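Colleague: What shape does this take:
(chains A, B and C)
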Amino acid sequence: MFALTDATGCYSAIEKIFDPSIRHRPVVVLTNNDGNICALCPIARDLGIPKFEPYFKVKHLLAKHNVVVRSSNYELYADISQKMMNVIARYAQNTYVYSIDEAFSDFNNYDNVIKDWYGYGHIMRRAVWKETRMPVGVGFGPTLTLAKAANHGSKKLPDSDGVCVINDEYSRKHILSQMKLDHVWGIGRKLSQHLSLMGLKTAWDLSCQNPKAMRKQFSVLVERTINELNGVPCLAWDDVKTQKKEIFSTRSMGKRITCRHQLRQALTSHVATVARKAFEQRTLIKKIAIFASSSPHDEIFYKKSVVAAYPAGTNNLATLSESIELAMKELYREGVNYYRAGVGAIELVDATIIQQDMFSPVDTPVITECYHDINKRFGRGTLMIGSEAGTKTWSMRREFLSPRSTTRWSDIPKINC
DNA sequence: TCTGGGGTCCTAGGACCC
DNA sequence: TCTGGGGTCCTAGGACCC
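Modeller: Below is the predicted model:
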């Protein structure tokens, strides 16, 4: 048996933890740069506020309903998420954190021990609430896809109270036949359009299709999904956390960049982020892509990307920054209003097994290690590449940022008696 | 007249996830 | 005026190998 535990309106729920005055009010959270709405609390959802709408388009609607608006506060969310995951991890032999607000639990050896999954789900749910004040839904199923479906049911079904279990034919049909096709894990917009043309409407309809025939018509992914919906496991997760195969850092600008110096500053700060993440997971970079563009909503869309290669692999920030300098020659055009820029490591190799190259200079890892060590001890930005220094006038807009209550001494909550 | 059969690696693009 | 930021996997097609 597997379980999926998932927070309800995660970001908006976290905003409510440290601000009791908004607990009974509708709350929405915006994406980076205050662009779109990316999370709503149940009260806001019931008011009919749309998700993934540009903020400027729904501003009037939010004002009308007196909705509380917050900017994304990832520092706070990441910390609360970790606390939540620690509680969840206590209740199964294996846990896999799938995203910031959801985790799979593996109960393979518990089948003879736990008789009442429904009751067990409520124990987990109460523990998370008591220790972190996060509301979660729990779904149980014999495959990961069915656990996902049950979790969906735990929030959407009218007769559910936060826990849903698929453990027999009756419960499987009951939940799948009330679940829309595009809510199935692995079925996105395009596929559900195709499938609905074939007359399929619900997850149950999909599960009744012939997997082999669907593989021919679509792909192996659809075949797997159908099998999973029928209780035949096809998906698994790795026991150990695997290294990332790509690492990207990219942002849109709070204020457009037009000058060369600022674009270089933004790119240098992105490459520093990528280098740090690569170092943390102990990989070397063999190829990076450096890119910059105007906004796709602009009349003339400018987009350019440059790839730099390091045959021997590197995580040396100075080496990487030199590539930024070179790329600038190709990326920068006078008169372009840069809206977005970023850097992505697109080829990574394990740093613990290094293939030497006769023709490339050998990196001195000591400097890189010291650099990261100092920044870790004294805070990010203590050391940086020169071209990153200075005021970042383009940095993202976060007008409605809440305090980082659990990670900054200056933001610690105060209680006035 | 008839022109093999098996494989790998790479890339671009698309679809999906949160 | 103002529209997120990450990731993964699969497929098809081309180049190349013996």
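
Colleague: make it CA atoms for all contacts and neighbour counts henceforth
Modeller: OK.

Colleague: Residue numbers of the stretch 51-200 of chain A in contact with DNA strand C?
Modeller: For the stretch 51-200 of chain A, the residues in contact with DNA strand C (C-alpha under 7 Å from any atom of the strand) are A:Glu53, A:Pro54, A:Phe56.

Colleague: quick one: which of those residues has the most company?
Modeller: A:Pro54 (16 neighbours; other C-alpha atoms under 10 Å).

Colleague: out of everything not next to it in sequence, what's closest to that residue?
Modeller: Leaving aside its chain neighbours, A:Pro54 sits nearest to A:Asn36 (4.2 Å; criterion: C-alpha to C-alpha, 6 or more residues apart in numbering).

Colleague: So the one you found versus A:Phe56, what's the distance?
Modeller: Per C-alpha to C-alpha, to the nearest Å, A:Asn36 is found 8 Å from A:Phe56.

Colleague: elements contacting the helix ranked longest in chain A?
Modeller: Across chain A, the helix with the greatest residue count (assigned by DSSP state H) is helix A:260-280. When contacts are defined as 3 or more C-alpha pairs under 8 Å, 6 or more residues apart in numbering; DSSP states H and E, helix A:260-280 sits against strand A:247-257, strand A:283-293, helix A:317-331, strand A:338-350.

Colleague: One more pass at 7 Å, please.
Modeller: Packed against helix A:260-280 by the contact rule (3 or more C-alpha pairs under 7 Å, 6 or more residues apart in numbering; DSSP states H and E) you find strand A:247-257, helix A:317-331, strand A:338-350.

Colleague: In contact with A:Val28, which residues?
Modeller: With contacts defined as C-alpha atoms under 7 Å, 6 or more residues apart in numbering, A:Val28 is in contact with A:Ser12, A:Ile37, A:Ala39, A:Leu40, A:Cys41, A:Ala44, A:Val68, A:Val69, A:Arg70.

Colleague: one more time with 6 Å
Modeller: A:Ala39, A:Leu40, A:Val69 (C-alpha atoms under 6 Å, 6 or more residues apart in numbering).

Colleague: What of A:Glu325?
Modeller: No contacts exist for A:Glu325 under C-alpha under 6 Å, 6+ apart.

Colleague: can we see that at 8 Å?
Modeller: A:Glu325 makes contact with A:Arg264, according to C-alpha atoms under 8 Å, 6 or more residues apart in numbering.

Colleague: between the residues of the stretch 51-200 of chain A next to DNA strand C, which is closest to DNA strand B?
Modeller: A:Glu53 (14.1 Å; C-alpha to the nearest atom of the strand).

Colleague: what residues are up against that closest one?
Modeller: A:Asn36, A:Ile37.

Colleague: Pull the number of nearby residues for the nearest residue to A:Cys208 once chain neighbours are set aside.
Modeller: Spatially, and ignoring its direct neighbours in sequence, A:Cys208 is nearest to A:Ile226 (7.9 Å; C-alpha to C-alpha, 6+ apart). Residues near A:Ile226, counting by other C-alpha under 10 Å, number 25.

Colleague: which residues touch A:Ile226?
Modeller: Contacts of A:Ile226 (C-alpha under 8 Å, 6+ apart): A:Leu206, A:Ser207, A:Cys208, A:Gln209, A:Pro211.

Colleague: Out of those, which end up buried?
Modeller: The neighbour-count test (16 or more other C-alpha atoms under 10 Å) marks A:Leu206, A:Ser207, A:Pro211 as buried among these.

Colleague: What number of residues are in the vicinity of the residue lying closest to the last one once chain neighbours are set aside?
Modeller: What it means is A:Pro211. Leaving aside its chain neighbours, A:Pro211 sits nearest to A:Glu223 (4.7 Å; criterion: C-alpha to C-alpha, 6+ apart). As a burial measure, A:Glu223 scores 21 neighbours (other C-alpha under 10 Å).

Colleague: Next: the one 4 residues further on.
Modeller: Neighbour count for A:Asn227, taken as other C-alpha under 10 Å: 22.
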